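Asks: Build me a model:
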Amino acid sequence: MKEKFTIWQPWLGLLARLILGGVLFIAGYLKIGTPDKSQMAVRAYEILPNSIANTLGLVLPFIEILIGALLILGSLTRAMAALGGFTMLIFIIAISQAWARGLNIDCGCFGGGGAVEPGQTKYLQEILRDAGLVFLAAYLFRYPSTKFSLDKNQVTHNSQEDVE
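Replies: Residues are numbered from 1 along each chain as shown. Presented below is the predicted three-dimensional model:
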């Protein structure tokens, strides 16, 4: 069984890298052209003071694009998986608190954001999606050796550490 996993692990890692990296890259790309909406989305969570929320709304798309691009390229895979997973955990916490407080907002994950009509929220779907992305990040953190990665020379493929 271990041998079969050893054969498939780099391919599964590639898939995880492309999904997590693609989601982060696309999310950042869709927000980068509309900084006012990105700021509004962060403010809608009512967690941070407006000045910090506005700054985060401006910076977050660039962070998402950077992490996503590096994951897609397979550069610094373990570190970017950790950052991507941490980012998703923060999103889960933010969405969960909005849900618990009864806020009616769009997550703003792929642009947009802000208030929505009661009953139009998709909190559970958003939390489950982000939890799946945390799982992919954890997998990549544990097994950073993947096919077609720029850092393949930095992490030995099929090393004993990766398959145990």
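Asks: Check which residues of stretch 83-102 are buried.
Replies: Neighbour counts using 16 or more other Cβ atoms under 10 Å place Leu83, Gly84, Gly85, Thr87, Met88, Phe91, Ile92, Ala94, Ile95, Ala98, Trp99 of stretch 83-102 among the buried residues. Quick note: C-beta positions are derived from backbone N, CA and C, even for glycine.
Asks: Over to stretch 9-21?
Replies: Gln9, Pro10, Leu12, Gly13, Leu14, Ala16, Arg17, Leu18, Leu20, Gly21.
Asks: wait, the first one sits on Ser145?
Replies: Yes: the pair Gln9 / Ser145 is scored as a contact, 7.3 Å apart, by Cβ atoms under 8 Å.
Asks: Helices of this structure, start to end?
Replies: Shown for the chain, the helices assigned by DSSP state H span residues 2-32, 35-44, 50-73, 77-100, 123-142, 160-163.
Asks: Could you list the residues in contact with the fourth one?
Replies: Yep, that's helix 77-100 we're talking about. Helix 77-100 has contacts (Cβ atoms under 8 Å, 6 or more residues apart in numbering) with 13, 17, 20-21, 24, 44-47, 63-64, 67-68, 70-71, 105, 107, 109, 121, 123, 126-127, 130-131, 133-134, 136-141, 144, 146, 149, 151, 155.
Asks: Now, of those, which are buried?
Replies: Neighbour counting by 16+ other Cβ under 10 Å classes 13, 17, 20-21, 24, 44-45, 64, 67-68, 70-71, 105, 107, 109, 121, 123, 126-127, 130, 133-134, 136-137, 139-141, 144, 146, 149, 151, 155 among the contacts of helix 77-100 as buried.
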